[in-house]
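Peer 1: Got a predicted structure here, sequence first:
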Amino acid sequence: HRSWQWRWRSSDARCPFATPTREQLCARLAGKRIGLYGDSLTHQFFASLASLAGNATRAPVPRECWRLRHLKCVSVCGGTALVCNRHHFALALDVLPPPLPPNCSVRARVAPLNATFAPRCLASFDLVVLSTFSHWVGMDGALNVQTCLREGGAAMTSGAAARAAVEYTATLYDAQMRRDAAFLSRLPSASRRVLFRTSPPGYPPPDALRPDTRGGRPPVYLAPSRDLAWVDAYARRESSPFNHHLFRRFNAIARAAYDAHGLPVMDVERPMLHRVDGHMDPLHYCLPGPPDFYSYVLWNFALGQ
């Protein structure tokens, strides 16, 4: 696939955007520790950054992070920088409220925030980028609630269960994002250290956007989409594979929570909506390819001069 050939270009002088060379990327990474926390797209971000920086070798986690599970680190740029990734497939909730039927349980790891985020560990990083959308709307979250409502004590129809599950999960997500942001804002220099990344909606189904060819599985888009007219209709749907039609609503919830506590947002929603090409399955992108955009955004706007 040729998704790696496409690059984002800015024609607005107020928002310059360049694609760095490996030397330029390493110049800004030098001496820094970068922590990435989130879902499988965050793992692709980790793979992209490590690959673009080069000379990646397995590295021990920082001493402050020894007790934080699911954290893996690599040294990059000839050992001058450290990039770590926490890829965790369970929700990290500190509150799991009603109303769910008595025999309905959500697969979530209920944990206090100081265990979820390990402040001493996060404070040891120069920059931490978080993103949690996929698991909340997917099998760990809304889809699991929907199944529970439909097959469990509520005995709802499929449509009613889907709507109820989305509303329950959105309410929970809003409360959790606010608690997360409030907690993280108390880290030293949090406004320069903590960054929330918004999420794209995954691979658009062919009934939302006509593919370039139907010969592939899934149907193949050969280039980025210039027209985003399909997005509004897709975001208004009641259901979609993996619930990714909820991206706009859940991104807005996270933006509001992190903005309210003075924490910056790496808002990649709109540019990534164009990247309908370059998927290797309904959720994940090819590498090299679209996830490299996250690394370029990091270099242009978050790592400093």
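Peer 2: Yes, it's here.
Peer 1: C-alpha from now on. contacts and neighbour counts both.
Peer 2: Noted.
Peer 1: Which secondary structure element is home to the residue nearest to Glu64 when sequence neighbours are not counted?
Peer 2: The spatially closest residue to Glu64, leaving aside those adjacent along the chain, is Cys121, at 4.8 Å (Cα to Cα, 6 or more residues apart in numbering). Using DSSP states H and E, Cys121 sits in helix 119-123.
Peer 1: Can you name the next helix or strand after that helix?
Peer 2: Next element after helix 119-123 (DSSP H and E): strand 127-131.
Peer 1: Can you list the neighbours in contact with the helix holding Cys121?
Peer 2: Gly35, Pro62, Glu64, Cys65, Leu68, Val128, Leu187, Pro188 (Cα atoms under 8 Å, 6 or more residues apart in numbering).
Peer 1: could you give the mean pLDDT of it?
Peer 2: Averaged over helix 119-123, pLDDT sits at 94.
Peer 1: Please compute how far it lies from its chain's middle.
Peer 2: 20 Å (Cα atoms, centre = their mean, to the nearest Å).
Peer 1: Buried by neighbour count: which residues of it qualify?
Peer 2: Pro119, Cys121, Leu122, Ala123 (16 or more other Cα atoms under 10 Å).
Peer 1: Can you tell me how far the first one is from Arg193?
Peer 2: Just to be clear, that refers to Pro119. Distance from Pro119 to Arg193, counting by Cα to Cα, to the nearest Å: 12 Å.
Peer 1: With adjacent residues omitted, what lies nearest to Leu149?
Peer 2: Ala161 (5.6 Å).
Peer 1: for the helix or strand hosting the one you found, packing partners?
Peer 2: Assigned by DSSP H and E, Ala161 belongs to helix 158-184. Applying 3 or more Cα pairs under 8 Å, 6 or more residues apart in numbering; DSSP states H and E, one finds that helix 158-184 makes contact with helix 133-137, helix 142-151, helix 247-260.
Peer 1: what about 10 Å?
Peer 2: On a contact count with 3 or more Cα pairs under 10 Å, 6 or more residues apart in numbering; DSSP states H and E, helix 158-184 meets strand 91-93, helix 113-116, helix 119-123, helix 133-137, helix 142-151, helix 190-193, strand 194-197, helix 247-260.
Peer 1: so which of the ones you listed gets nearest Pro20?
Peer 2: Closest approach to Pro20 among these is made by strand 194-197 (20.3 Å; Cα to Cα).
Peer 1: For the closest one, output the C-alpha coordinates as PDB.
Peer 2: The C-alpha coordinates for strand 194-197 follow below in PDB (Å, rounded to 0.1, in the frame of the first residue of the first chain):
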ATOM      1  CA  VAL A 194       0.500  16.300  29.800                       C
ATOM      2  CA  LEU A 195      -1.200  16.200  26.400                       C
ATOM      3  CA  PHE A 196      -4.400  14.500  25.400                       C
ATOM      4  CA  ARG A 197      -4.700  13.100  21.900                       C
END
